[in-house]
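Q: Have a look at this prediction, sequence included:
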Amino acid sequence: MKEFYRSIVASLLLAFVLLVATVMPASAAINGVSATVNGVTSTTVAYSDTVQVSFTVNRTSSGNDNWRATRYRYDSGPWLCVNHNDFTSNPGAGGSDSTATFAVTVPFAAGTYDLELEPREDNDCGGSGGTSVVLADAVIVNPGIATNPDLNAACGLNIVLVLDASRSIETEGAVDSVRNAVAGMLDSLEGTGSQVAIVEFATSADVPIGYTSVTPANITNVFDPYLDTDGSVDQYFDGRVGSFTNWEAGLAQVNGLAAPDLVVFFTDGNPNTVISDPQTTGNASTEEAVLAAAAQADLIKTNGGNGGDGSHIFVVGVGGVTASNFAPVTDGANALQYVTSTPGSGQTDVFAEADYYVGSFDDLEQALQDVVTALCGGTITVQKLIDVDGNLATDGDQTPATGWTFAATVDAPGSATPTSAATAGQDGTVNFDIDLGGAASAGTVKVSNGSRAATA
């Protein structure tokens, strides 16, 4: 009898073990059901926009069904993550649908993109994931970038130099290379009637030099001290603007100045911080920082400078910067690289229509010289000086004079623009843009001095 009871107990225990094994909970299940962007399945936006995503996920009650984050990607690009409202309550025996709404930034390159969404168990897209939903052609990005106007004038411009002073320049041992390149450009602009302002940026930005005529006296008394290292004034790379890379801050300072003809924007790295959230660790995403800079650039390109067409932006990139990031701050998908050799696809040797240059720190000085050559290489600049004692060997008594009319003529089929104009500005200059006409490689230009306009 005892053996009989032992057999019954053993059978019951075995049945209980099997029963327990049968009702063990299954693994978590959070599976995408449907999604919309801006309330529809396909939306058209500008490059700098965000879209509102509404994502519905079915959460089953069998096990851990928490849903705290969603990762997403465009086409087959890298996965990105967004944390949103937590869905952690018991969905009930039959499971239920939960919907999260959140914003995502669209790509800044024009095109049509699929959007894939995958629910994730934990914040920052950790833990397990569920079935994803793919919205075909969900986001159509228009260029949305203001056209970078071609440069109208050839010489005697209002120019803003925007100089990167981030820590990477020091790391590359290139601080003196930047100083020397800027000094060389200013020397080349001397006496052309040009005015130059300087913006310096890193984590933040400022304007150490407002618009100043590029004269010998101003090079000595204004520009050279800024490029020096004696601490007598605010100087390039003295640490006052921080150490990270904020393109947006630099371009925003340009918008605080009178509209220039030309903005020469020098940088050696991709941006990693923005004005609205100046990361002390420089951890803003490149995409976020480029888009913020692009918004400032659009204001510059539509500001009425450059003869009313808007300022022309030309980017000089060296070091580890990614050239494709120049497109949103210049001419979008139409951005052209400047070359001095025979241009290929996406390139031009016409500076007035060029958007960016890419090289090394060793090339920087020559690159800025090329800018001046492109601006003033086909130009004759006339300066009127009044010499008090009539002795040209002594220049301490010479002063620039304005209001004196000069005329320029060129042998046919060439021409001069303008044909006649008066000296102006602090340096008393006038510029004539010379076109030799046809295939001529040389010609004769005659410049004659006329009268001075009457003064009150």
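A: Yep, it's here.
Q: Any regions of the stretch 301-450 of the chain where pLDDT drops low?
A: Counting by pLDDT under 70, the ranges of the stretch 301-450 of the chain that qualify are 395, 438-441, 450.
Q: Report the separation between the residue lying closest to residue 256 once chain neighbours are set aside and residue 198.
A: Nearest residue to residue 256 in three dimensions, chain neighbours excluded: residue 207, at 7.2 Å (C-beta to C-beta, 6 or more residues apart in numbering). C-beta coordinates here come from the backbone N, C-alpha and C atoms, glycine included. For residue 207, the distance to residue 198 equals 7 Å [C-beta to C-beta, to the nearest Å].
Q: Have a look at the two and say which one is more surrounded.
A: residue 198 (25 against 17; other C-beta atoms under 10 Å).
Q: from what I can see the more buried one touches residue 225, true?
A: No. Judged on C-beta atoms under 8 Å, residue 198 makes no contact with residue 225 at a distance of 11.9 Å.
Q: can you tell me which residues contact the residue nearest to residue 256?
A: 197-200, 253, 256-257 (C-beta atoms under 8 Å, 6 or more residues apart in numbering).
Q: What of residue 446?
A: 408-410.
Q: Partner strands of the helix or strand where it lies and their direction?
A: Taking DSSP states H and E as the definition, one finds residue 446 inside strand 445-452. Sheet pairing of strand 445-452 (DSSP bridges) gives strand 404-410 (antiparallel).
Q: contact partners of the partner strand?
A: Strand 404-410 has contacts (C-beta under 8 Å, 6+ apart) with 380, 382, 384, 416, 418-423, 428, 430, 432, 434-437, 443-453.
Q: Residue 134 bridge partners, please.
A: residue 116.
Q: Pretty sure it sits against residue 114.
A: Yes. With contact defined as C-beta under 8 Å, residue 134 counts as touching residue 114 (5.8 Å).
Q: Determine the three-state secondary structure at residue 44.
A: strand (DSSP: H, G, I helix; E, B strand; the rest coil).
Q: what's around the residue lying closest to it once chain neighbours are set aside, how many residues?
A: Leaving aside its sequence neighbours, residue 44 sits nearest to residue 140 (C-beta to C-beta, 6+ apart; 4.3 Å). Neighbourhood size, residue 140 [other C-beta under 10 Å]: 14.
Q: which residues touch residue 140?
A: Shown in contact with residue 140 (C-beta under 8 Å, 6+ apart): 42-45, 111-113.
Q: can we see that at 7 Å?
A: 42, 44, 112 (C-beta atoms under 7 Å, 6 or more residues apart in numbering).
Q: and what of residue 107?
A: So residue 107 contacts 74, 113, 141 (C-beta under 7 Å, 6+ apart).
Q: can you rerun that using 6 Å?
A: 74, 141 (C-beta atoms under 6 Å, 6 or more residues apart in numbering).
Q: before we move on, what about residue 447?
A: Residue 447 touches 382, 406, 408, counting by C-beta under 6 Å, 6+ apart.
Q: so what's the last one bridging to?
A: Bridge pairing for residue 408 (DSSP bridges) gives the partners residue 447.
Q: from now on call the first residue 169
A: With 169 as the first residue, the last one maps to residue 576.
Q: Near it, how many other residues are there?
A: Counted with other C-beta under 10 Å, residues neighbouring residue 576 total 22.
Q: and if you look at residue 355?
A: Residues near residue 355, counting by other C-beta under 10 Å: 15.
Q: Same check on residue 567?
A: 10.
Q: For the stretch 269-418 of the chain, which segments count as helices?
A: 335-339, 343-357, 384-386, 392-395, 415-423 (DSSP state H, counting those that start in this stretch).
Q: and residue 528, which of these is closest to it?
A: helix 343-357 (9.4 Å; C-beta to C-beta).
Q: residues making contact with the closest one?
A: Contact with helix 343-357 is made by 337, 382, 387, 391, 395, 405, 529, 532-533, 536, 540, as judged by C-beta under 6 Å, 6+ apart.
Q: C-alpha coordinates for stretch 254-274, CSV please?
A: The C-alpha coordinates for stretch 254-274 follow below in CSV (Å, rounded to 0.1, in the frame of the first residue of the first chain):
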residue,chain,number,x,y,z
ASP,A,254,6.9,55.4,-20.9
PHE,A,255,4.3,52.7,-21.5
THR,A,256,4.8,50.3,-18.6
SER,A,257,1.3,49.5,-17.3
ASN,A,258,-0.2,46.1,-17.7
PRO,A,259,-1.9,46.0,-21.1
GLY,A,260,-4.4,43.4,-20.0
ALA,A,261,-4.9,39.7,-20.9
GLY,A,262,-5.5,40.3,-24.6
GLY,A,263,-2.9,43.0,-25.0
SER,A,264,-3.5,46.6,-26.2
ASP,A,265,-2.2,49.3,-28.5
SER,A,266,-0.3,52.3,-27.2
THR,A,267,0.6,55.4,-29.2
ALA,A,268,3.6,57.7,-28.7
THR,A,269,4.0,61.1,-30.4
PHE,A,270,7.5,62.6,-30.8
ALA,A,271,9.5,64.9,-33.1
VAL,A,272,12.4,63.8,-35.3
THR,A,273,14.7,66.0,-37.4
VAL,A,274,14.6,65.3,-41.2
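Q: From the chain's centre, how far out is it? Work that out for me.
A: Relative to the chain's own centre, stretch 254-274 is displaced by 37 Å; criterion: C-alpha atoms, centre = their mean, to the nearest Å.
Q: Touching that stretch from outside, list them.
A: Under C-beta under 6 Å, 6+ apart, the answer for stretch 254-274 is 213, 217-229, 233-236, 250, 252-253, 307, 309.
Q: Quick one: buried ones out of these?
A: For the contacts of stretch 254-274, a burial check counting by 16 or more other C-beta atoms under 10 Å picks out 213, 217, 219, 221, 223-228, 233-236, 250, 252, 307, 309.
Q: Could you list which of those belong to strands?
A: 213, 219, 221, 223-227, 235-236, 250, 252, 307, 309 (DSSP state E).
Q: Taking those, tell me the two that lie furthest apart.
A: Using C-beta to C-beta, these reach their maximum pairwise distance at 227 and 309, which is 32.4 Å.
Q: measure residue 500 to residue 481 for me?
A: Distance, residue 500 to residue 481, by C-beta to C-beta: 12 Å.
Q: just residue 549 next, same as before
A: For residue 549, the distance to residue 481 - C-beta to C-beta - is 25 Å.
Q: okay, these two: which has more neighbours?
A: Neighbour totals were compared for residue 549 and residue 481, and residue 481 leads with 27 against 18 (other C-beta under 10 Å).
Q: residues contacting residue 473?
A: Residue 473 makes contact with 427-429, 479, according to C-beta under 6 Å, 6+ apart.
Q: Likewise for residue 317?
A: 474, 477-478, 480.
Q: Of the contacts of strand 572-578, keep whichever come out buried.
A: Using 16+ other C-beta under 10 Å, the buried ones in the contacts of strand 572-578 are 548, 550, 552, 584, 589-591, 596, 598, 600, 602, 604.
Q: which one of these sits closest to residue 326?
A: For the buried ones among the contacts of strand 572-578, the residue nearest residue 326 by C-beta to C-beta is residue 598; the value is 15.8 Å.
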